[in-house]
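> quick check, what structure comes out for this input:
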Amino acid sequence: MRKISSAIREGAVAYLNRQYRTIAVISIVLALVIAFGLRSFMANSYLVAVAFILGAFLSALAGYIGMMVSVRANVRTAQAATRSLKDAFSVAFSGGAVTGFAVAGLGLLGVTVLLLILKDPNILIGFGFGASLISLFARVGGGIYTKGADVGADLVGKVEKGIPEDDPRNPAVIADNVGDNVGDCAGMAADLFESYTVTIIAAMLLAWTAFGHSFTNELAFPLVLGSVAVIASLVGSLFVRASSPARIWPALNNGILISAALSAVGFFAVNKLMFSDLKYFIAAVIGLAITVIIGYVTEYYTAANKKPVQQVADSAKTGPATVIILGIAKGMESTLIPVIAIVAGAFLAYTFGGGFYGVAIAATAMLAMTAIIVAVDAYGPITDNAGGIAEMSKMPESVRKITDPLDAVGNTTKAVTKGFAIGSAGLAALSLFAAYSDLTGIDVINLYDPAVVVGLFAGGLLPFIFSSLTMRAVGRAATGMVVEVRRQFKEIPGLMKGTGKPDYARCVDISTKSAIRELILPGVIAVAAPLIVGFVLGPEALGGLLGGAIVTGLLLAITMTTSGAAWDNAKKYIEAGNLGGKGSDAHKAAVVGDTVGDPFKDTSGPALNPLIKVLNTIALLAASLIVSHHLF
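I've put the predicted structure just below:
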């Protein structure tokens with residue numbers, strides 16, 4: 001167990017170190033461009049560059065802390081499973097909670113300290129851009145790594161050789177387990193760190209503009225909401241306990257609901273202390289309500305015991321084509337209620353919560369739940385790795401009977417938190433868009449203006465091009481993995497019989513190199529597109545780009561993440577003994593669906609969240625320059 005855990009940890013650390021070295025070079029170049037390239041147009045360009053570096057550093061640190069805890073909690077969870085499900089669950093959730101509270105704590109600390117020292121929320125745009133950039137690269141790179149390894153391992157191991165998912169004979173199995181940590185743990189931590197901080201900054205920018213460029217209660221309120229929700233999440237996490245498989249998801253969900261309820265009480269108290277009316281409290285409660293609604297909808301569409309996943313599993317009886325058709329259909333269908341919740345919430349928050357500042361407060365309240373949400377998410381890769389360690393180290397079957405249900409719920413938790421991340425990204429993007437409108441002085445985006453139409457279609461196109469690049473990157477990484485795994489099964493004597501030793505390190509190296517190579521182009525496109533449109537066609541056209549990207553990015557992200565999770569749990573539903581169980585034709589068809597869904601739910605879909613916010617933060621950063629120096 002220690003040997004396998006050590007291999008996973010070393011692979012994860014090696015990848016993350018290489019990823020951050022690559023990103024560090026890009027970040028330093030961008031910081032120099034901000035500091036010296038913008039000093040003629042921006043009085044505080046040096047301070048913005050410092051804030052940019054700090055945002056990037058804290059975002060990377062949050063992801064690093066999360067991954068370092070995850071790769072240690074996995075083997076402890078497997079060992080705890082020798083005692084009881086209750087103990088294993090407790091260890092896994094506690095490990096995830098470290099990540100959750102690191103994300104929220106570092107985010108609040110960074111924004112608060114910068115605001116107190118610099119006393120200008122506009123400089124914090126640099127902090128948000130740094131966080132957004134790290135989030136984008138972490139999501140793209142981690143997603144390519146994890147799914148290149150996962151797809152390659154599944155196609156040869158499960159489909160061609162018919163061996164179990166975490167069979168130690170599979171050379172790609174360590175790379176697959178490493179990927180769970182760098183993608184689902186470090187990637188999600190960086191993603192929600194960025195969402196959390198950028199939303200708070202957007203709310204403060206709106207308060208700064210609307211309330212006289214002074215330190216008012218409205219400026220402090222987003223930070224107060226974050227502080228209250230951290231305490232509420234800490235208390236809520238104490239109620240997350242489970243002693244049977246049927247209680248695992250209810251226990252995690254109770255933690256979220258209790259945290260939301262306590263947050264609402266705290267929001268009411270601080271609102272009464274700071275303001276004479278309740279309009280901002282109403283906006284905050286709307287944000288909490290959206291969180292709960294999105295959680296329930298996502299759980300309904302992705303849980304193995306719910307009708308949509310069972311329908312996808314049932315379609316496997318007629319082959320992989322019907323599995324894929326129905327999985328995509330369910331993903332598209334799942335956009336309905338979350339989008340209604342987001343737009344209705346934004347409308348109500350605007351109407352009853354004080355205009356766009358009310359919308360920003362709703363988004364801030366939603367993301368104030370980040371600590372408990374990330375805790376629930378990071379539980380997933382820990383239990384996934386625990387199951388892999390149990391399988392590879394040949395622990396007793398009784399251990400797998402505990403780690404398997406923990407892992408199965410982990411798929412639902414990851415889907416729910418991705419739904420939360422996507423929904424919050426949509427609401428946060430509206431706040432950023434409002435802040436961009438304030439900075440540029442745009443009151444109306446005129447769809448009769450051809451430049452605006454160009455921007456609108458360019459923005460609508462970006463999520464599709466971005467997803468295409470990341471999907472193809474996973475395909476190329478998986479192809480390299482398949483070739484290597486086939487080679488090892490062919491050339492290493494006794495590998496299939498279990499007497500030969502696979503070269504795990506070679507597969508880890510393939511995934512690492514593929515992910516680092518492939519993450520650059522999507523990042524360049526995300527940074528360059530808004531600058532090109534803004535400087536060529538002007539601020540109104542850039543506003544059109546932001547609007548188009550928010551709409552298509554939100555819908556595409558929900559579709560992809562839900563479809564992928566539904567395919568994954570449909571496969572697990574069959575593996576639990578339904579519809580013929582493992583090895584049946586239905587199971588083989590479901591494995592194909594799961595393989596297609598891997599890059600949907602863990603690479604392209606989640607990476608659209610930071611894409612949307614990178615576009616908006618770049619627009620905020622360059623807004624004043626674009627207004628005075630666009631070509632047309």
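
> only the C-alpha atoms, please, for the strand or helix carrying Ile290, written as CSV.
Secondary structure assigned from DSSP states H and E places Ile290 in helix 279-302. C-alpha atoms of helix 279-302 as CSV (Å, rounded to 0.1, in the frame of the first residue of the first chain):
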residue,chain,number,x,y,z
LYS,A,279,-32.4,44.1,0.1
TYR,A,280,-28.9,42.7,0.1
PHE,A,281,-29.9,39.9,2.4
ILE,A,282,-32.6,39.0,-0.1
ALA,A,283,-30.0,38.9,-2.9
ALA,A,284,-27.7,36.7,-0.7
VAL,A,285,-30.5,34.2,0.0
ILE,A,286,-31.2,34.0,-3.7
GLY,A,287,-27.6,33.0,-4.3
LEU,A,288,-27.9,30.3,-1.6
ALA,A,289,-31.1,29.0,-3.2
ILE,A,290,-29.5,28.8,-6.6
THR,A,291,-26.7,26.7,-5.0
VAL,A,292,-29.2,24.2,-3.5
ILE,A,293,-31.3,24.0,-6.7
ILE,A,294,-28.3,23.3,-8.9
GLY,A,295,-27.1,20.7,-6.5
TYR,A,296,-30.4,18.8,-6.5
VAL,A,297,-30.7,18.9,-10.3
THR,A,298,-27.2,17.7,-10.9
GLU,A,299,-27.6,14.9,-8.4
TYR,A,300,-30.9,13.8,-10.0
TYR,A,301,-29.3,13.6,-13.5
THR,A,302,-26.0,11.9,-12.4
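
> correct me if wrong: Ala408 contacts Asn305.
No. Ala408 is beyond contact range of Asn305, at 9.7 Å (criterion: C-beta atoms under 8 Å). Just so you know, the C-beta spots here come from the backbone N, C-alpha and C atoms, and that holds for glycine as well.

> higher neighbour count, these two?
Ala408 (24 against 13; other C-beta atoms under 10 Å).

> quick one: contacts for that one?
Ala304, Asn569, Lys572, Ala576 (C-beta atoms under 8 Å, 6 or more residues apart in numbering).

> tabulate the residues you listed (JSON lines), appending neighbour count, distance to Lys497 and pLDDT.
JSON lines is the format used below for those (neighbours: other C-beta atoms under 10 Å; distance: C-beta to C-beta, whole Å; pLDDT from 0 to 100):
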{"residue": "Ala304", "neighbour count": "22", "distance to Lys497": "34", "pLDDT": "87"}
{"residue": "Asn569", "neighbour count": "29", "distance to Lys497": "33", "pLDDT": "90"}
{"residue": "Lys572", "neighbour count": "21", "distance to Lys497": "28", "pLDDT": "88"}
{"residue": "Ala576", "neighbour count": "15", "distance to Lys497": "29", "pLDDT": "85"}
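
> which of the residues you listed sit farthest apart?
For these, the farthest-apart pair by C-beta to C-beta is Asn569 and Ala576; their separation is 10.0 Å.

> how about Ser398: what's its closest non-neighbour residue?
Thr82 (7.8 Å; C-beta to C-beta, 6 or more residues apart in numbering).

> now do the shared contacts for Asn569 and Ala576.
In contact with both Asn569 and Ala576: Ala304, Ala408, using C-beta under 8 Å, 6+ apart.

> and the pLDDT for Leu519?
Looking at Leu519, its pLDDT is 85.

> how close does the closest residue to it other than its chain neighbours sit to Thr470?
Take Leu519 and drop its neighbours on the chain: the residue closest to it by C-beta to C-beta, 6+ apart is Gly141, 3.9 Å away. Distance of Gly141 to Thr470, computed by C-beta to C-beta, to the nearest Å: 10 Å.

> before we move on, what about Leu519?
For Leu519, the distance to Thr470 equals 9 Å [C-beta to C-beta].

> what is in contact with those two at once?
Common neighbours of Leu519 and Thr470 (C-beta under 8 Å, 6+ apart) are Val140, Ile144.

> so what's the residue sitting furthest away from the middle of the chain up against?
No residue in the chain sits farther from the centre than Pro493, which is 41.1 Å out by C-alpha atoms, centre = their mean. By C-beta under 8 Å, 6+ apart, the contact list for Pro493 reads Thr499, Gly500.

> now swap in Gly475 and tell me
Pro599.

> name the helix or strand for Ala622, please.
helix 605-629.

> assign a three-state SS to Arg169, would you?
coil (DSSP: H, G, I helix; E, B strand; the rest coil).

> ok, Tyr196 to Leu109 distance?
12 Å.

> the more surrounded of the two?
Tyr196 (31 against 11).

> and the more buried one, what element?
helix 188-210.

> helices or strands next to that helix in the packing?
helix 45-80, helix 85-118, helix 124-153, helix 217-237, helix 356-367, helix 370-392, helix 397-440, helix 605-629 (3 or more C-beta pairs under 8 Å, 6 or more residues apart in numbering; DSSP states H and E).

> Gly187 is nearest to which of the ones you listed?
helix 124-153 (3.6 Å).

> can you point out the buried residues in that closest one?
For helix 124-153, the neighbour count (16 or more other C-beta atoms under 10 Å) marks 124-153 as buried.

> tell me the mean pLDDT for whichever helix or strand comes after that helix?
Heading C-terminal from helix 124-153, the first helix or strand you meet, by DSSP H and E, is helix 173-179. Averaging pLDDT along helix 173-179 yields 89.

> CA atoms of helix 173-179 as PDB?
Extracted in PDB, the C-alpha atoms of helix 173-179 (Å, rounded to 0.1, in the frame of the first residue of the first chain):
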ATOM      1  CA  VAL A 173      -3.100   2.400 -13.700                       C
ATOM      2  CA  ILE A 174      -0.700   4.600 -11.700                       C
ATOM      3  CA  ALA A 175      -1.000   7.400 -14.300                       C
ATOM      4  CA  ASP A 176      -4.800   7.100 -14.000                       C
ATOM      5  CA  ASN A 177      -4.700   7.500 -10.200                       C
ATOM      6  CA  VAL A 178      -2.200  10.400 -10.500                       C
ATOM      7  CA  GLY A 179      -4.700  12.100 -12.900                       C
END
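
> which strands or helices does that helix pack on?
Checking 3+ C-beta pairs under 8 Å, 6+ apart, helix 173-179 ends up next to helix 2-32, helix 124-153, helix 370-392, helix 504-518.

> can you give me how far that helix is from the chain middle?
In terms of C-alpha atoms, centre = their mean, to the nearest Å, the centre of helix 173-179 is found 19 Å from the chain centre.

> any idea how far Ala104 is from Val323?
38 Å.

> which ones are touching the closest residue to Leu136 other than its chain neighbours?
When the adjacent residues along the chain are set aside, Leu136 lies closest to Pro610, with 4.1 Å between them (C-beta to C-beta, 6+ apart). Pro610 makes contacts with Ser132, Ser135, Leu136, Arg139, Asp191, Glu194, Ala425, Ala526, as judged by C-beta under 8 Å, 6+ apart.

> coming back round to it: for the residue farthest from the centre of the chain, grab phi and psi.
phi -60, psi 130 (degrees, to the nearest 10).
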